[in-house]
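K.L.:
Let's see this in three dimensions:
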Amino acid sequence: MAAPSLGGVAVPHGDGSTVVRLARGSSLTDFAEKIDANPASLVTVLFHLGEMATATQSLDEDTFQLLGAELGYQVEVVSPEDEDRELLESFDIDFMGEDWDEDQLVSRPPVVTVMGHVDHGKTRLLDAIRQTDVLSGEAGGITQSIGAYQVHTTHEGQDRAVTFIDTPGHEAFTAMRARGAKVTDIAVLVVAADDGVMPQTIEALNHAQAADVPIVVAINKIDTDGANPAKIRQQLTEYNLVAEEYGGETIFVDVSAKQGTNIDQLLESILLTADASLDLRAVADEQARGVAIEAHLDRGRGPVATVLVQRGTLAVGDSIVAGDAYGRVRAMLDEHGENLDVALPSRPVQVLGFTSVPGAGDKFLVADEDRIARQIAEKRQAMQRNAMLAKSRKKVSLEDWLEQSRVDTLNLILKGDQAGAVEALEEALLKIDVGDEVDIRIIDRGVGAITETNVMLASASEAVIIGYNVRPQGKATELADREGVDVRYYSVIYQAIEEVEAALKGMLKPEYEEAQLGTAEVREVFRSSKFGNIAGALVRSGEIRRNAKARLIRDGAVVADNLTVESLKRFKDDATEVREGFECGIGLGSFNDIKTDDVIETFEMREKARA
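P.N.:
Numbering: from 1, shown residues only. Modelled structure (predicted):
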């Protein structure tokens, strides 16, 4: 189209249907390139719209929407996933890589995460599982550092492998979900038979259910005094885990990690769940894709990352990029510290050769050459930096809820100093009723300090953390600031309830009701060439205000609605309001159909208070 002038500046305009796609954190220079305009002219246009920005400054989505609407363009800010897709496609790399024939797919081992309360025998159970593998030997120490390993078992006459991810707590598990990485196929929930369901057990269960993965329950310590597996089964029914023997779909296995009892049965249950619920196949004949499970900086070997191959084959010498880290695979080690040349799907390996440390949950891929891997990493770094610069507000806070009309459920994580206080708070919050339009959901609750795990779960689920008589632990505060998670602290339970109720009411769309201000009877109509017809009126009730909404009533019927009192006079003086019993002149703007004995009724729309 032609370039109309806006604020004295010639700018190309769209027809209202032209779509302009921009990456997060783009600048006016990027927008100008898309529409073939001068960046300086866009700076001027934005200034006339009440926004000040330089041509190279990273801007948020709202600013681009405002500018696009003014210039006749539909601006779309692409999601991080689409951004990454476009980046990889610019290097001729297939982002998804899903277009494969059935005959190219090969079966792969299930990937299992073991979760549970800290002293319920999770580590001992993992050690017992490792010992069932004939290759275990002295792998214990190595496995603890690598964080993932494979074991082999015989199932229905076949040698089958199972991959276990051994994470320190649930941090990495949640971090991966927060980054959108679907890593785990099955979760094993470990519960001690002599202790029962504990706060961390419920926390682990919430993480697994939020990730929507099948769950196998291992009831450990059945050889101890006071063991009551039946009680565990009954307790877990409250959390939608119903045992098969009770008519449910969840497999429960009674094990003793100390004695090595029923470990084979647990592995068999994992494989049965995998075969029944999941289609575990992947393409092996392609460049590797997968996810970094954990990474650290080793003083002697440099950055070391434990990666899980999800698709394709990873080989020594490959150019690899994970998030904004890149490098060449110098060596790969398995769970026993042995060197590997290749790693197939569902194989966890330690990779040496990165130039920096990737993050937990970062997706990795293999590029054709080192130069491409480096360029992908550098562009990701730049995009991440620009997105952070443009990010102007937190992900979610109680104050933000009114603006975030797309959200109709308030997710909460509760932490308190005592179990009774948390239960009381949860019960009180769930009783808050502000109608069917909005809802409250407690996605996690627990006793003790607010941990980094809680913050990562809140980040992944867009939740608000409520701490009752507790404070953050370790680096939880720093992480909450970085992730944009709102953490609220209370020492009075009623204050927490009042603030949450206020937030829920803020989520409701406001309701308005009409409030009558006053009525005036027209005694005489004055003709004015400048202002049109002016009603000489006597205020019968209430008061008449200038700029108030009005309607004209004649013989009991409404003649005109949605009028405005545009002028109001007492004799020759302007007035802002005229009270009952006084005479005044009322001008209704361009509406001139006013007659003697008409009634002018004024009103305003007031927001209706929610009960």
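
K.L.:
Packing partners of the helix or strand that contains Ile465?
P.N.:
Ile465 belongs to strand 463-468 when assigned by DSSP states H and E. Helices and strands touching strand 463-468, as assessed by 3 or more CB pairs under 8 Å, 6 or more residues apart in numbering; DSSP states H and E, comprise strand 409-416, helix 419-430, helix 452-461, strand 487-490, helix 493-507. C-beta: built from backbone N, CA, C; applies to glycine.

K.L.:
For it, which strands pair with it and how are they oriented?
P.N.:
strand 409-416 (parallel), strand 487-490 (parallel) (DSSP bridges).

K.L.:
Ala382 is nearest to which of the ones you listed?
P.N.:
Of all these, strand 487-490 sits nearest to Ala382, with 30.7 Å by CB to CB.

K.L.:
Now tell me what touches that closest one from outside.
P.N.:
398, 450, 455, 464-472, 477, 480, 496, 499 (CB atoms under 8 Å, 6 or more residues apart in numbering).

K.L.:
any idea what sits nearest Glu268, other than its immediate chain neighbours?
P.N.:
Nearest-residue entry for Glu268: His155, 6.0 Å, with adjacent residues in sequence omitted and distances by CB to CB, 6 or more residues apart in numbering.

K.L.:
From Phe571, how far off is the one you found?
P.N.:
99 Å (CB to CB, to the nearest Å).

K.L.:
got it, and Ala69?
P.N.:
For Ala69, the distance to Phe571 equals 46 Å [CB to CB].

K.L.:
And for Lys231?
P.N.:
88 Å.

K.L.:
report the angle between the axes of the strand holding Ile465 and helix 452-461?
P.N.:
Counting by axes from the mean of the first three to the mean of the last three CA atoms, to 10 degrees, strand 463-468 lies at 150 degrees to helix 452-461.

K.L.:
Alpha carbons only: can I get strand 463-468 in CSV?
P.N.:
Taking Å, rounded to 0.1, in the frame of the first residue of the first chain, the C-alpha atoms of strand 463-468 are listed here in CSV:
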residue,chain,number,x,y,z
ALA,A,463,0.9,-21.0,40.7
VAL,A,464,1.2,-18.7,43.7
ILE,A,465,3.0,-20.0,46.7
ILE,A,466,1.5,-19.3,50.2
GLY,A,467,3.8,-19.7,53.1
TYR,A,468,2.2,-19.9,56.6
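
K.L.:
With only the CA atoms kept, save the next helix or strand after it in PDB.
P.N.:
Using DSSP H and E, the next helix or strand after strand 463-468 towards the C-terminus is helix 476-483. The C-alpha trace of helix 476-483 is given here as PDB (Å, rounded to 0.1, in the frame of the first residue of the first chain):
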ATOM      1  CA  ALA A 476      14.500 -20.600  46.800                       C
ATOM      2  CA  THR A 477      14.000 -16.800  47.000                       C
ATOM      3  CA  GLU A 478      16.600 -16.100  44.300                       C
ATOM      4  CA  LEU A 479      15.000 -18.800  42.100                       C
ATOM      5  CA  ALA A 480      11.500 -17.400  42.700                       C
ATOM      6  CA  ASP A 481      12.700 -13.900  41.500                       C
ATOM      7  CA  ARG A 482      14.300 -15.400  38.400                       C
ATOM      8  CA  GLU A 483      11.300 -17.500  37.500                       C
END
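
K.L.:
what sits up against helix 476-483?
P.N.:
395, 449-452, 454-456, 458-459, 465, 472, 485-487.

K.L.:
pLDDT below threshold where in the stretch 151-300 of the chain?
P.N.:
166-182 (pLDDT under 70).

K.L.:
still on that earlier bit, would you list the buried entries among the contacts of strand 487-490?
P.N.:
Buried members of the contacts of strand 487-490, counted by 16 or more other CB atoms under 10 Å: Leu398, Ile450, Val455, Val464, Ile465, Ile466, Gly467, Tyr468, Val470, Pro472, Ala480, Ala496.

K.L.:
Just put these in a markdown table and tack on pLDDT and distance to Asn592.
P.N.:
Shown next, in a markdown table, are the buried ones among the contacts of strand 487-490 (pLDDT from 0 to 100; distance: CB to CB, whole Å):
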| residue | pLDDT | distance to Asn592 |
| --- | --- | --- |
| Leu398 | 60 | 50 |
| Ile450 | 91 | 66 |
| Val455 | 92 | 64 |
| Val464 | 92 | 55 |
| Ile465 | 94 | 61 |
| Ile466 | 93 | 60 |
| Gly467 | 92 | 64 |
| Tyr468 | 87 | 64 |
| Val470 | 86 | 68 |
| Pro472 | 88 | 67 |
| Ala480 | 90 | 62 |
| Ala496 | 86 | 58 |
